[in-house]
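Enquirer: quick one: sequence and predicted model below, then my questions.
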Amino acid sequence: MIANLGFGLLVVTFITAIYGAVTAVYGDVKKDSRWVESARRATILSFPLATLTVFVLLYLLATNHFEVQYVYSVTSLSMPMYLKLTALWGGQSGSLLFWAWLLSAFSSAVMLRKWDRDREFLPWVILVTAVTMIFFLSLILLFENPFIRWWQTLGGEVAAMFAPTQATLLTPADGMGLNPLLRHPGMIIHPPMLYLGFVAFIIPFAFAVAALITGRTDDRWIRITRRWTLWAWLFLSLGLVLGGRWAYDVLGWGGYWGWDPVEIAAFMPWLTGTAFLHSVMIQEKRGMLKQWNMLLIILTYDLVIFGTFLTRSGVLSSVHAFAQSAIGPMFFTFIGLTFAVSVGLLMHRWNELKSETPMTSMLSREALFLLNNLLFMGILIVSFWGVIFPLISELATGQKVTVGPPFYERATAPLFGALMFLMAVAPLAAWGHSTIKTLGKAIWKPGVVALIAPIAIFFLGVRNIVALIGFTLVALVICVTLYEIWRGSMARSKKLEENFFVSTWRLFGRNRRRYGGYIIHISMVFMAIGILGIEIFQTQTQGTIPQGSSLELANYEITFDSVAQFDTTGGRNVTRAVMSIYKDGNYIGQVFPRRDYYYESQQPMTIPGLRSTMLDDLYVILVDWQPISTIGATFKVYHNPLVNWLWVGSILFIFGTLVAAWPEKDPATLRATAKLVQAPGAAN
Amino acid sequence: MKRLIWIGFISILLLVGWAGVAHAQQPTPSDDDVNVIASQLFCPVCENTPLDVCPTQACAQWRDEIRLRLAQGWSEAQIKNYFAENYGIRVLAEPPRQGLNWLVYIVPPVAFLAGAYILFRAFRSWRALATQLSEEEAQKSAPEETDPYLNRLEEELKKRG
């Protein structure tokens, strides 16, 4: 009964989305605003409808309705309540419903804005969001219905939405339980963040398409969606970072990023989104790159759908699995159609989107931003090609190949290095025109200070050329950024005779986007420190040792004290080792690597023992231990220098994005306030 | 002669014995030796999991196989070839540089260079446009300076001055 209610709500949401799409277009064609208003209300209505659907599924998950196939596959009696609820996105059907729900939330939110100045965009924004919604709801209704139930028929067990003939409802005593890998806090938050990022990018795309259809080719659509884009980017970035942290904590391979196709699927829209965030500034400031910005947001939208497609279609395991699954071809068709239509619209408006001003200097800030876009596109090409080449190979030759980390690392490292260099130079370049002389004059002071870093690490014994170049770039970005902030604050402080810190605070307040961006740049170089540390200086060792013996790595000694095996709540058997850590002969603490075995899913998990400082991480894995063994246990130890900077950088990144995205006061209000301050009597 | 045969026989025995002892003394490859090679191979069963970190039983057996081959004196390249021949080239971390696989290495740099070239051309056309615009602006202002009336006015002003 409850499942039927959920299914019914899903169908009504689907019909509402179709109604919204049709009436929006009809209203625009007939120039009848009542139809458009009706479509707007239908879009708003889709949110409570989708919310109710989600609540129904949450209720089924929380109350152990194992007769529902989805509930059976992702929960069990022994799971705590928070895991039962977060199992909403623990499986394919639920996560697609979650996707659609987020889209309904964003579409409704955007419908509630003031549309007075942008009325012509409204029907087309409704159309784009509704078409995307219809697509996802069709996938759910036709192939991934989370309300399907188990039925006992004469022929055996059947999963179906409605009772087959002579069938009775089958309620298993317990469920399969959530995949143990998904029970980590990182994995609980990671998918919602990623999906928030994915779905939020649909709104700027909807406005871009609306601008193309209506022919309103100024930068209004960019100004409306600027904050949407920043929030989308923040969530997507957080999703990526949390995914990395989850991999580090749960997968037990000593790293955070394995260039896995699923990771790359989320990384690709981030690349185009980041390029877009930079290049829209050129359009706003100089009226340039309008065509390019359109192309970037189209690419981002289709990469968002492609990312979902990669993980949902089965295409990654085999092209044959893709051909057999119905969901894959549907995704493929939708991506192809939306891309073709969007690019067709762009071509139609191509001449109207020409730049208002030409680029005059190859060293101007806009030129450097464009170079930055080229580098992001370069990384995108490497990532995209690396992901799809195995599929091409399998189709063409029948032979599967792996495109693994060595390929990506070799191809992207110089591009990331060049991006860091641009991050250091671009803030010093002027809009419109810069020369080598002006740039040189601006960069030499922070450049000289930055040279201290490579000289220092050289004298500390580092001879790795990549490390020396990498840390030089890191220092250069930090010095340039701090120098820029210092210069701005000093100028303001002198002019207005303010305290330096007050000046800095107000400087940030007056131009949050610029200075939020600078904080983001510093956070990125913090992350780069972590990446350089683990990529270049990671060392590892593995050995089988008896109790009381030690493994040695870097300047650490790791002693195997004891091991115990026991059952815990949640249907889990735990094998936990106790290891003492000595650094340069001094005892500094213990770590507890363990192996968990989940009885329900018959799945093992390797949880590392971790000792973490800003200098390095010691990451210990219990590889093997047999209860009757006399030779001891096998451990793998990784020494990961500087990796914590990656996580610290991500926290700073959130702060920077919040500063950049924080709403500024309306310029009209600011002007009015200024007038009032200047002439208090004028108000009367 | 008999003595020589005996000396030869004993020498061979000593040599074989020495070789045997030497072989017995050759240390069993360590986990680290195994992992150096395993980290360059991918699990043939699990998706995108390097062999050195794959927790499955099958991968543990494959790591033992690497250890065995190392103990037999095989080189890293020989072991990688052995795995590729027996389990397919997908076990290699990168496609071997042959046939269609060359595309994986060629396409990204070619596409990037093409993008850089397009950008360079765009820069040049923008520069040309900027120069043209500035010349047009200069021409627009020129007639004002060569306006006969203005010239006459300037001349008169000079005379009076």
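Expert: Looks like it came in fine.
Enquirer: please name the nearest non-neighbouring residue to the spatially most central residue of chain A.
Expert: The centre of chain A sits closest to residue A:236, judged by C-alpha atoms, centre = their mean, with a distance of 2.4 Å. The shortest distance from residue A:236 to any non-neighbouring residue, by C-beta to C-beta, 6 or more residues apart in numbering or on different chains, is to residue A:197 (2.7 Å). In this view, the C-beta of every residue, glycine as well, is placed from N, C-alpha and C.
Enquirer: residue A:228 is in contact with that neighbour, correct?
Expert: No - applying C-beta atoms under 8 Å as the test, residue A:197 and residue A:228 come out as separate, 11.2 Å apart.
Enquirer: more neighbours, these two?
Expert: residue A:197 (26 against 21; other C-beta atoms under 10 Å in any protein chain shown).
Enquirer: so for stretch A:530-542, what's the average pLDDT?
Expert: The pLDDT scores in stretch A:530-542 average 94.
Enquirer: are that stretch and chain B in contact anywhere?
Expert: Yes - using C-beta under 8 Å from any C-beta of the partner chain, stretch A:530-542 reaches chain B at A:540-542.
Enquirer: ok, residue A:133 - contacts?
Expert: Contacts here follow C-beta atoms under 8 Å, 6 or more residues apart in numbering or on different chains; on that basis residue A:133 touches A:13, A:17, A:46, A:100, A:103-104, A:107.
Enquirer: helix or strand: which one has it?
Expert: If you go by DSSP states H and E, residue A:133 is part of helix A:122-142.
Enquirer: and for residue 87, the neighbour number?
Expert: Since no chain was named, I'll use chain A. Residue A:87 has 28 neighbouring residues, counting by other C-beta under 10 Å.
Enquirer: hmm, no, I was thinking of chain B.
Expert: Residue B:87, neighbours per other C-beta under 10 Å, totals 16.
Enquirer: measure it to chain A for me?
Expert: Distance, residue B:87 to chain A, by C-beta to the nearest C-beta, to the nearest Å: 10 Å.
Enquirer: now that residue, nearest residue through space, not along the chain?
Expert: residue B:44 (4.1 Å).
Enquirer: surely the one you found and residue B:92 touch.
Expert: No - taking contacts as C-beta under 8 Å, residue B:44 lies outside contact range of residue B:92: 10.6 Å.
Enquirer: before we move on, the earlier item: show me the contacts for the residue nearest to residue A:236.
Expert: Here residue A:197 is in contact with A:232-239, A:269-270 (criterion: C-beta under 8 Å, 6+ apart).
Enquirer: switch the residues you listed over to CSV; also include pLDDT and secondary structure.
Expert: Below are the contacts of residue A:197 laid out as CSV (pLDDT from 0 to 100; DSSP: H, G, I helix; E, B strand; the rest coil):
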residue, pLDDT, secondary structure
A:232, 94, helix
A:233, 93, helix
A:234, 93, helix
A:235, 94, helix
A:236, 94, helix
A:237, 93, helix
A:238, 92, helix
A:239, 92, helix
A:269, 96, helix
A:270, 96, helix
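Enquirer: burial measure for residue A:591, as a count.
Expert: Neighbours of residue A:591 (other C-beta under 10 Å): 19.
Enquirer: residues touching it, list them.
Expert: A:558, A:579, A:581, A:609-611, A:618, A:620.
Enquirer: ditto for residue A:205
Expert: A:128, A:297-298, A:300-301, A:342.
Enquirer: can you tell me the element it falls in?
Expert: helix A:202-214.
Enquirer: go on, residue B:115?
Expert: Residue B:115 belongs to helix B:102-146, assigned by DSSP H and E.
Enquirer: can you pull the domain assignment for chain B?
Expert: Domain segmentation of chain B under automatic domain parsing yields B:10-93, B:101-160.
Enquirer: packed most tightly, which of those domains would that be?
Expert: Burial of the domains of chain B is given as mean neighbour count (mean count of other C-beta atoms under 10 Å in any protein chain shown); domain B:10-93 ranks first at a mean of 15.
Enquirer: so, low pLDDT: which residues of chain A?
Expert: Counting by pLDDT under 70, chain A shows low-confidence ranges at A:312-325, A:628-630, A:665-684.
Enquirer: which stretches of it form strands?
Expert: Under the criterion DSSP state E, strands of chain A are mapped to A:149-153, A:156-160, A:168-169, A:539-545, A:550-553, A:556-568, A:572-583, A:586-591, A:594-598, A:603-607, A:609-612, A:616-625, A:633-641.
Enquirer: as CSV, those strands with distance to residue A:261 would be great.
Expert: Putting those into CSV (distance: least, C-beta to C-beta, whole Å) gives the following:
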stretch, distance to residue A:261
strand A:149-153, 33
strand A:156-160, 29
strand A:168-169, 39
strand A:539-545, 25
strand A:550-553, 31
strand A:556-568, 34
strand A:572-583, 30
strand A:586-591, 32
strand A:594-598, 26
strand A:603-607, 22
strand A:609-612, 27
strand A:616-625, 24
strand A:633-641, 24
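Enquirer: so which of these comes closest to residue A:484?
Expert: With C-beta to C-beta, the closest approach to residue A:484 among these belongs to strand A:633-641: 29.4 Å.
Enquirer: send the alpha carbons of that closest one over as PDB?
Expert: Written as PDB, here are the backbone C-alpha positions of strand A:633-641 (Å, rounded to 0.1, in the frame of the first residue of the first chain):
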ATOM      1  CA  ALA A 633      50.500 -11.300  10.500                       C
ATOM      2  CA  THR A 634      51.200  -9.500   7.300                       C
ATOM      3  CA  PHE A 635      51.100  -5.700   7.300                       C
ATOM      4  CA  LYS A 636      51.600  -3.100   4.600                       C
ATOM      5  CA  VAL A 637      52.800   0.300   5.700                       C
ATOM      6  CA  TYR A 638      52.700   3.500   3.700                       C
ATOM      7  CA  HIS A 639      54.500   6.600   4.600                       C
ATOM      8  CA  ASN A 640      52.600   9.500   3.000                       C
ATOM      9  CA  PRO A 641      54.400  12.800   3.500                       C
END
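Enquirer: give me the residues contacting that strand.
Expert: A:254, A:533-534, A:537-545, A:551, A:553-554, A:556, A:558, A:560, A:563, A:577, A:579, A:593, A:615-625, B:31, B:35.
Enquirer: strands paired with that strand, and their directions?
Expert: strand A:539-545 (antiparallel), strand A:616-625 (antiparallel) (DSSP bridges).
Enquirer: which of those is buried the deepest?
Expert: Buried most deeply of the strands paired with strand A:633-641, by mean count of other C-beta under 10 Å, is strand A:616-625, with a mean of 23.
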